[in-house]
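Visitor: Sequence and predicted model, in that order:
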Amino acid sequence: MAARSDMPAPVEGLVLTHFLTVRDVARSRAFYVDIFGGEVVLEENPGIVKIANGWIIMNPGGGPTPDKPDVSLAPPEPGGPVSSFLNVRVADIAAFHADATAKGAEFLTEPLDRKAEVRCYLRDPDGYLIEVGQATGMLDGIFADPPAQQPG
């Protein structure tokens, strides 16, 4: 049994976790352990991986339940729009990128300097988008350019 300190169960206050609806819990669990150095807290029902000071909770999708009567859960569809993503901050993005690439992670691009930070993105086995970034300029009050205005 996992130690209480490894579980997302605060003695007081709250903790923030991230729930992912996944197609294959074992495959997703292995990804978060291998790429992010996570520790398995629970194998399944739900699968829980502790990463640094947070937790990824994962379970297969399904239909409504009594506590969410009009909600069905499903993993993202390939190529579909993204409405949220996991944001991971690292101390050394070059080292993280090299290590994760060696372990089989496929990034959308190399890390790019955005003035405020250096960042890149990858997807997990279910297609969830993950931003990996290292704060750089923001530590000195330098921020990214605002997004270009969209024609409207």
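Guide: That came in fine, so what should we check first?
Visitor: for this protein, what spans make up the strands?
Guide: Taking DSSP state E, the strands of the chain run over residues 17-21, 39-42, 47-51, 54-59, 86-89, 112-113, 117-123, 129-135.
Visitor: Give me the helices and strands touching the longest helix along the chain, please.
Guide: For the chain, the longest helix by residue count, based on DSSP state H, is helix 25-36. For helix 25-36, the contact count by 3 or more Cβ pairs under 8 Å, 6 or more residues apart in numbering; DSSP states H and E identifies strand 39-42, strand 47-51, strand 54-59 as packing neighbours. Every C-beta, even on glycine, is put in place using the N, C-alpha and C of the backbone.
Visitor: Now for the residue nearest the centre of the chain: which residues touch it?
Guide: When Cα atoms, centre = their mean is applied to the chain, the residue found nearest the centroid is Leu86 (3.5 Å). Counting by Cβ atoms under 8 Å, 6 or more residues apart in numbering, Leu86 makes contact with His18, Ile56, Tyr128, Leu129, Ile130, Glu131.
Visitor: Would you confirm that the fourth one contacts Phe85?
Guide: The reference is to Leu129. Yes - assessed by Cβ atoms under 8 Å, Leu129 is found in contact with Phe85 at 3.9 Å.
Visitor: Pull the distance from stretch 75-88 to the chain's centre.
Guide: 10 Å (Cα atoms, centre = their mean, to the nearest Å).
Visitor: what's the domain layout of the chain?
Guide: What the record gives for the chain is the domain set 1-73, 76-152, from automatic domain parsing.
Visitor: Give me the more crowded residue out of Leu129 and Phe85.
Guide: Neighbour totals were compared for Leu129 and Phe85, and Leu129 leads with 16 against 12 (other Cβ atoms under 10 Å).
Visitor: Distance check, the more buried one against Ala144.
Guide: 18 Å (Cβ to Cβ, to the nearest Å).
Visitor: ok, now Glu110?
Guide: Distance of Glu110 to Ala144, computed by Cβ to Cβ: 17 Å.
Visitor: low-confidence ranges in the chain?
Guide: For the chain, the stretches flagged by pLDDT under 70 are 1, 152.
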